[in-house]
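Trainee: could you work out the structure for the sequence below:
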Amino acid sequence: MITLIGSKLAKEGEKFIYLGELEECKDCKFKNLCHNLEVGRIYKIKSVRSTNHRCKIHLGGVKAVEVEISEIEAIIESKKALEGLSFTYSPILCDNSDCENYKFCVPQGLVEGDKVRVEKVLERVECKNNLSLRKVILRLI
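Mentor: This is a model prediction of the structure:
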């Protein structure tokens, strides 16, 4: 998938969250190429093209980049933490937003109902709600 991103941000391996179109983009000739991603998803830059294009938003212009939806670190129930397992994602329900693990229990880039696959199983997680949890790397499928 090819899109445009600010030249200063265009580095292979970098990740970003696509937040959507700005008002200043409405009349731009590159609008369809810049705004061809899904809002709220995390993307990883696979390669960067060398040509720079002018942009009203980004100082220094924009560059074409090849992107893919990024893998996401998340916390899931231990019983689902098996490499290669595919399932329908549901965040860990927790109201303790001060917890150090909260951002992984409700990670950006995933929404309830997404189809995901466990790419890698990481460490066990201590949960103040006494849930059996593991940190994993998930990929949308």
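Trainee: please enumerate the helices of the protein.
Mentor: Counting by DSSP state H, one finds helices in the chain at the ranges 31-34, 102-105.
Trainee: lowest-confidence helix or strand of the chain?
Mentor: Taking mean pLDDT, DSSP states H and E as the measure, the helices and strands of the chain show their lowest mean at helix 31-34, namely a mean of 92.
Trainee: tell me how far that one lies from the chain's centre.
Mentor: Helix 31-34 has its C-alpha centroid displaced from the chain centroid by 19 Å (Cα atoms, centre = their mean, to the nearest Å).
Trainee: next: stretch 120-129.
Mentor: On the basis of Cα atoms, centre = their mean, the separation between the geometric centre of stretch 120-129 and that of its chain is 21 Å.
Trainee: how much space separates the residue lying closest to residue 17 once chain neighbours are set aside from residue 25?
Mentor: Distances taken as Cβ to Cβ, 6 or more residues apart in numbering put residue 42 closest to residue 17, at 5.3 Å, once the chain neighbours are dropped. No exception for glycine: its C-beta is placed from N, CA and C like everyone else's. Shown here: residue 42 relative to residue 25, a distance of 21 Å by Cβ to Cβ, to the nearest Å.
Trainee: ok, these two, which is more surrounded?
Mentor: residue 42 (18 against 15; other Cβ atoms under 10 Å).
Trainee: residues contacting the more buried one?
Mentor: Residue 42 makes contact with 15, 16, 17, 69, 70, 72, 108, 109, according to Cβ atoms under 8 Å, 6 or more residues apart in numbering.
Trainee: beta partners of the residue lying closest to the fourth one once chain neighbours are set aside?
Mentor: Leaving aside its chain neighbours, residue 69 sits nearest to residue 140 (5.3 Å; criterion: Cβ to Cβ, 6+ apart). Under DSSP bridges, the beta-bridge partners of residue 140 are residue 116.
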